[in-house]
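> predicted model, plus sequence, below.
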Amino acid sequence: YSGSRFGMYDAIKMHLTNGDPTKALSFQEKVGAGLFSGAFGAAIANPCDVSMVRMQADGKLPLEKRRNYKNVFDAFARISSEEGIGTMWRGTSATVMRGMLVTVGQVSCYDACKEFYINIVGMSSNAVTTHFAGALSAAFAASLLSNPVDVAKTRMMNMAVNAETGLFPYSGPVDCILKTSRAEGLTALYKGFAATFSRQCPFVIVTWITVEQLKKVLSNY
């Protein structure tokens, strides 16, 4: 998932700059590249996401409603055979929306924030402190953008057909976000924000510092 997003973003960036590392993208171009890269990675990874969410939620269900998947491969096989292969892409709209927003936060905002710290604040372009500051800012942006869609995605992947109406409770991520905010208030969309931010921080910081150091080493070859 992350590899495909980061790889696609770099490919788009190289295409837009004609391979010139000194040429910077505009903020709009960064956002556009992030949106496309996030959608691409999320669409590919959705079956893994469905399996992960269901397996994590299983322990909270009553015993008679638990799916008891043995592992992710068992989840793939049972979901496909019992509910149809299309179920593996249930909630894709929410996953893609989340992937787009997270990638804009993690990747596009990192690029923009790093340029801000270098050009406006005056930090060194090669300093680890610059990369750390850019990554921390990107982690916060990614958490802020993605948390409402995270809530919608989790609810949609775990939703079941209403026995009385024969319908799912939500028709899509936007419908889920609207119904949740109306029923529980806007703060419900940011349930788990602290956990989201604490999860994003180490991932984004370690990823970008590692990437920047690898770029520095590989630039000599």
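That came through, no problem.
> which elements pack onto the lowest-mean-pLDDT helix or strand in the chain?
Ranked by mean pLDDT, DSSP states H and E, the weakest helix or strand in the chain is helix 92-103, scoring a mean of 85. When contacts are defined as 3 or more CB pairs under 8 Å, 6 or more residues apart in numbering; DSSP states H and E, helix 92-103 sits against helix 2-16, helix 27-57, helix 128-158, helix 173-184. Just so you know, the C-beta spots here come from the backbone N, C-alpha and C atoms, and that holds for glycine as well.
> residues contacting the closest residue to residue 8 other than its chain neighbours?
In space, and not counting its chain neighbours, residue 8 is closest to residue 37: 4.0 Å by CB to CB, 6 or more residues apart in numbering. By CB atoms under 8 Å, 6 or more residues apart in numbering, the residues touching residue 37 are 4-6, 8-9, 12, 103, 107.
> at 7 Å instead, please
Shown in contact with residue 37 (CB atoms under 7 Å, 6 or more residues apart in numbering): 5, 8-9, 12, 103, 107.
> cool, residue 107 as well?
Residues in contact with residue 107 (CB under 7 Å, 6+ apart) are 6, 9, 34, 37.
> please export the C-alpha coordinates of stretch 1-8 as CSV.
Output in CSV follows, covering the C-alpha atoms of stretch 1-8 (Å, rounded to 0.1, in the frame of the first residue of the first chain):
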residue,chain,number,x,y,z
TYR,A,1,0.0,0.0,0.0
SER,A,2,2.6,2.6,1.1
GLY,A,3,5.1,1.4,-1.4
SER,A,4,2.7,1.9,-4.3
ARG,A,5,1.7,5.3,-3.0
PHE,A,6,5.2,6.6,-2.5
GLY,A,7,6.4,5.0,-5.7
MET,A,8,3.6,6.5,-7.8
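> what's the average pLDDT for that stretch?
Summarised as a single mean, pLDDT over stretch 1-8 is 84.
> about what we covered before: need the contacts of residue 107 in a markdown table with distance to residue 220, can you?
Shown next, in a markdown table, are the contacts of residue 107 (distance: CB to CB, whole Å):
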| residue | distance to residue 220 |
| --- | --- |
| 6 | 22 |
| 9 | 23 |
| 34 | 29 |
| 37 | 27 |
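> and the gap between the residue lying farthest from the centre of the chain and residue 157?
Within the chain, residue 164 marks the point farthest from the mean C-alpha position, 34.2 Å out by CA atoms, centre = their mean. Here the criterion is CB to CB, to the nearest Å. By it, residue 164 lies 22 Å from residue 157.
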